[in-house]
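Asker: Return a 3D structure for these sequence lines:
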Amino acid sequence: MAVAFTLATGFEAGVGVLAARAYDASWNQATVFTATYLMISIGLCAVTSSSIQNTRQLCLVGMVTEAISCLTGVLMTRLFCEKAIHWKQALAAYAISGTAVNYICPIFMTPVLLKKA
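Answerer: Sure thing, here's the model as predicted:
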């Protein structure tokens with residue numbers, strides 16, 4: 001399970017960087033935004049997942065986590081790069097990478113039956 005999570009996260013990071021780059025972000029901006037977004041998002045999910053009690057809380061925590069993660073990514077690009085990433089580039093990196101992971105995760109989670117030789 002940890003291997004699948006690592007592969008999915010690496011895939012999400014790669015797609016996020018390429019999506020931001022496709023919208024004319026610099027390599028530094030794309031990398032800083034995507035790495036910061038993923039680290040903060042995973043950390044906040046780990047911290048809050050044990051205290052969620054119903055679907056409404058899950059939805060609210062999910063939205064707040066994504067907003068905080070994206071805002072932190074934008075602010076970190078401002079800190080580490082010459083200028084902050086543009087909102088279109090950040091939105092493309094966030095949306096395209098998240099969509100790609102949602103489509104690729106079932107591939108990693110599908111069991112593979114091995115045939116006897």
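Asker: what residue is smack in the middle of the chain?
Answerer: Closest to where the C-alpha atoms of the chain average out (Cα atoms, centre = their mean) is L38, at 4.4 Å.
Asker: which residues in the chain form helices?
Answerer: 2-22, 27-48, 55-80, 87-109 (DSSP state H).
Asker: what would those look like in TSV with distance to K115 and mean pLDDT?
Answerer: Backbone N, C-alpha and C define where each C-beta goes, glycine included. Below are the helices of the chain laid out as TSV (distance: least, Cβ to Cβ, whole Å; pLDDT from 0 to 100):
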stretch	distance to K115	mean pLDDT
helix 2-22	22	84
helix 27-48	36	91
helix 55-80	40	90
helix 87-109	20	82
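Asker: which of the ones you listed is buried the deepest?
Answerer: helix 27-48 (a mean of 19; mean count of other Cβ atoms under 10 Å).
Asker: which helices and strands sit right next to that one?
Answerer: helix 2-22, helix 55-80, helix 87-109 (3 or more Cβ pairs under 8 Å, 6 or more residues apart in numbering; DSSP states H and E).
Asker: Run the chain-centre distance for the first one.
Answerer: The chain centroid and the centroid of helix 2-22 are separated by 7 Å under Cα atoms, centre = their mean, to the nearest Å.
Asker: Which residues are in contact with the residue nearest to the centre of the chain?
Answerer: T9, E12, A13, G16, S69 (Cβ atoms under 8 Å, 6 or more residues apart in numbering).
Asker: Cool, thanks, signing off.
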